[in-house]
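Chemist: the sequence and its predicted three-dimensional model are supplied below.
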Amino acid sequence: MSRAIFAALACFALLAACGGGGEAQPTPESAKAFVESASAELEELYMDAERASWLQATYIVYDSQVLSSKLLEKAYSRHTALAKEAVKFDGLELPEDVARQLKILKLSVPMPTPADPALSKELADIVTGMEAAYGKGEYCPDSGKNKGKCLADTDMIRILAESRDPDEMLDVWQGWRRVSPPFRNDYNRFVELSNQGARELGFKDTGALWRSGYDMPPDEFAAELDRLWEQVKPLYVSLHAYVRTQLRKKYGDSVVPADGPIPAHLLGNMWSQSWENVYPLVAPANADPGYDLTKILEKRKVDARGMVRYGEAFFTSLGFKPLPDTFWERSLFTRPRDRDVVCHASAWDIDGLDDLRLKMCIEANAEDFTTIHHELGHNFYQRAYKEQPWLFKGSANDGFHEAVGDTIALSITPEYLVRLGFLDKPTDPSKDVGLLMQRALEKVAFLPFGLLIDQWRWKVFSGEISPEQLNAAWWELREKYQGIAAPIARSEADFDPGAKYHVPANVPYTRYFLAHILQFQFHRGLAQAAGCDKPLHRCSIYESEAAGQKLNAMLEMGQSRPWPEALEAIDGRREMDATAILDYFAPLQSWLDEQNQGQPTGW
Ligand code: X8Z
Ligand code: ZN
């Protein structure tokens with residue numbers, strides 16, 4: 001959108017709204033004009049902010065931070081102001097698409113800013129600063145195995161994935177958590193300022209604003225989450241009990257309790273959020289599928305770009321167009337040697353059209369292979385809805401955006417690996433419990449983590465968790481939902497939630513919980529379209545144009561319709577529902593029940 005067109009639209013809106021001087025009565029026509037001019041203005045502002053954010057995330061220096069913060073503040077404060085202004089059309093009979101765009105305008109402020117410019121600037125500076133501090137985080141141990149080295153986040157993530165030495169794991173676990181206490185006070189101030197912005201918009205607090213974005217009353221949405229969690233909890237509890245028993249065998253009774261929470265540093269992941277890296281310790285006897293994707297990638301010397309090419313090729317096999325050349329020119333695929341970057345993976349849509357990018361410090365392993373598919377899911381979604389009006393350029397709800405690439409990754413089956421030439425023949429189906437165990441360590445283990453981050457944040461925003469209790473409340477929720485515990489004493493001098501990217505970067509997290517439910521619904525719907533009659537975990541939609549068309553039909557809707565309609569387009573039903581994930585893992589659930597007999601479950 002050129003500046004000239006944008007100016008003309010803004011002028012048109014002003015004339016329509018103001019008529020012949022004084023405040024004219026809002027009309028459907030002026031509402032439409034308002035939506036158009038607001039969209040054009042915000043599109044421009046966000047595009048500049050995105051470019052500056054890209055620079056800030058891929059080149060963390062003082063100036064990129066200042067510029068990014070400035071442009072983000074400009075976009076957010078204008079968005080907040082327009083959201084407030086949109087209220088003037090409340091109660092007016094409007095065409096459905098205009099009403100929906102106004103609603104999205106009011107609810108989609110990523111970070112509501114206070115009207116006072118000084119406070120608004122302070123808020124933007126805090127968030128940019130926290131993300132940069134996280135991105136620059138490193139740990140230089142002064143004793144132990146890694147003495148004398150300075151470890152970056154990716155180094156520590158790799159150590160936790162590969163090491164079986166509890167002292168080394170504990171050392172990097174606590175080492176990474178030194179990155180966040182310096183911005184604990186900033187976080188408290190951020191909560192105050194963001195809440196002030198949300199209240200000025202008419203919400204109780206920022207959490208209430210976040211819960212309002214799901215085409216249903218916010219309290220009903222919170223109840224939906226509880227319902228979904230209750231559906232999947234028995235499966236999680238069975239997996240937890242089995243893994244605990246196996247970890248006791250490995251590390252001993254003095255390290256892992258028989259019936260209490262599992263120490264957080266032993267699960268192969270910095271945040272204990274997914275446990276696939278402990279698969280070798282918990283692999284079912286006689287049911288190991290017998291291949292290791294990490295080893296295959298290493299042996300074939302697949303580099304970062306090569307891994308992304310495999311991801312792209314999956315989407316093109318479904319009928320999607322290849323990614324544009326600019327994607328390959330402008331993305332960041334590996335950690336640069338000479339500068340700080342935010343390594344947490346993300347997919348970018350700079351101009352709402354074709355300037356798509358991936359930012360990721362790729363390592364040649366199975367976990368990153370999956371994450372690449374996750375990220376490309378975002379990019380292909382972004383491109384599919386590019387023809388929609390600006391306010392509809394988004395996913396049906398935020399869980400949908402997170403679910404698409406994961407859905408594709410569920411199709412990385414042994415049969416698919418044979419198609420790639422990675423395996424000579426598909427694995428023996430009698431060993432499928434091993435395959436399902438691998439998947440469950442990734443997907444089922446994640447469920448309570450996906451839920452608890454925002455359970456914590458919502459309470460912080462509402463004040464139910466006070467600034468003095470941030471860490472204690474965090475560990476209470478970690479224990480309640482995940483059944484894990486800190487391996488060493490923690491106190492309010494720590495700020496462990498801040499050591500998870502999405503907290504300092506202020507990215508809502510419930511979306512990932514939803515995605516872990518939705519992706520199995522999507523997979524079921526697409527496998528059906530692909531004519532797969534095998535068990536769900538053996539279905540791959542690779543090369544199925546029918547599945548591709550069904551997926552694209554949902555993606556190109558963007559945010560133009562309430563999410564139940566988008567879900568219906570792919571799964572034939574309008575409710576988020578855990579039966580798909582439960583069906584997928586049903587054989588594993590029976591197997592776990594047998595293994596857990598005579599063993600304590602729960603914590
Ligand atoms: O943050 C992500 C993606 C980017 S949207 C890499 N994920 C969550 C996380 O890493 O904590 C994907 C799974 C959950
Ligand atoms: Zn994502």
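Modeler: Sure thing, it's come through. A quick note: this is a predicted structure, and the numbers were derived from the prediction, not measured. Numbering: from 1, shown residues only. Ligands and ions are numbered 1, 2, ... in the order given.

Chemist: near ligand 1, which residues of the stretch 501-603 of the chain?
Modeler: By CB under 6 Å from any ligand atom, the part of the stretch 501-603 of the chain that sits against ligand 1 consists of Tyr512. The C-beta positions use only the backbone N, C-alpha and C, and glycine is treated the same way.

Chemist: which residue does the stretch 501-603 of the chain bring closest to ligand 1?
Modeler: Among the residues of the stretch 501-603 of the chain, Tyr512 lies closest to ligand 1, at 4.3 Å counting by CB to the nearest ligand atom.

Chemist: just the pLDDT for the residue nearest the centre of the chain.
Modeler: When the chain is reduced to its mean C-alpha position, the nearest residue by CA atoms, centre = their mean turns out to be Tyr512, at 5.0 Å. Tyr512 is assigned a predicted lDDT (pLDDT) of 98.

Chemist: any chance you could map the helices in the stretch 51-200 of the chain?
Modeler: Assignment of helices within the stretch 51-200 of the chain using DSSP state H, counting those that start in this stretch yields the ranges 62-86, 96-107, 117-136, 153-162, 166-176, 184-200.

Chemist: so what does the fourth one touch, helix or strand wise?
Modeler: Think helix 153-162. Counting contacts by 3 or more CB pairs under 8 Å, 6 or more residues apart in numbering; DSSP states H and E, helix 153-162 packs against helix 166-176.

Chemist: could I get the buried residue list for the helix it packs on?
Modeler: For helix 166-176, the buried set under the neighbour-count rule, 16 or more other CB atoms under 10 Å, comprises 166, 168-176.

Chemist: who's in contact with that helix?
Modeler: For helix 166-176, contacts defined as CB atoms under 8 Å, 6 or more residues apart in numbering pick out 137, 139, 141, 144-146, 151, 153, 156, 159-160, 163, 251, 255, 264-266, 270, 487-488, 499.

Chemist: what about it, distance to the chain center?
Modeler: What separates the centre of helix 166-176 from the centre of its chain is 25 Å, taken as CA atoms, centre = their mean, to the nearest Å.

Chemist: ok, stretch 344-360 next?
Modeler: 14 Å.

Chemist: out of the contacts of helix 166-176, who's near ligand 1?
Modeler: Those of the contacts of helix 166-176 which are also neighbours of ligand 1 - as judged by CB under 6 Å from any ligand atom - do not exist.

Chemist: show me the residues you listed that map onto strands.
Modeler: Those of those mapping onto strands are 139, 151, per DSSP state E.

Chemist: show me where the stretch 451-600 of the chain has helices.
Modeler: With DSSP H, counting those that start in this stretch as the definition, the stretch 451-600 of the chain shows helices at residue ranges 470-477, 510-529, 545-555, 563-571, 579-584, 586-595.

Chemist: please produce CSV containing those, extended by distance to Leu225.
Modeler: Shown next, in CSV, are those (distance: least, CB to CB, whole Å):
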stretch, distance to Leu225
helix 470-477, 14
helix 510-529, 7
helix 545-555, 22
helix 563-571, 14
helix 579-584, 15
helix 586-595, 22
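
Chemist: list the contacts of Ser194.
Modeler: 111-112, 123, 206, 461, 506.

Chemist: got the confidence number for it?
Modeler: pLDDT, read off for Ser194, is 97.

Chemist: so it versus Asn188, what's the distance?
Modeler: Applying CB to CB, to the nearest Å, the value for Ser194 to Asn188 is 11 Å.

Chemist: and Tyr481, by the same measure?
Modeler: Following CB to CB, the distance that separates Tyr481 from Asn188 is 23 Å.

Chemist: neighbour-wise, which of the two wins?
Modeler: Set side by side, Tyr481 and Asn188 give different neighbour counts by other CB atoms under 10 Å, the larger being at Tyr481 (20 against 17).

Chemist: surely that one touches Gln455?
Modeler: Yes - applying CB atoms under 8 Å as the test, Tyr481 and Gln455 come out as touching, 7.3 Å apart.

Chemist: and the contacts of the one helix or strand Arg309 maps to?
Modeler: Taking DSSP states H and E as the criterion, the element that holds Arg309 is helix 304-317. By CB under 8 Å, 6+ apart, the list of residues contacting helix 304-317 from outside reads 297, 302, 322-323, 328, 331, 333-334, 358, 362, 364, 368-369, 372-373, 375-376, 380, 408, 411, 420, 542-543, 548.

Chemist: which ones among the residues you listed are found in helices?
Modeler: Per DSSP state H, helices hold the following members of the contacts of helix 304-317: 297, 328, 368-369, 372-373, 375-376, 380, 408, 548.

Chemist: now do the contacts for Glu468.
Modeler: Applying CB under 8 Å, 6+ apart, one finds that Glu468 lies in contact with Glu492.
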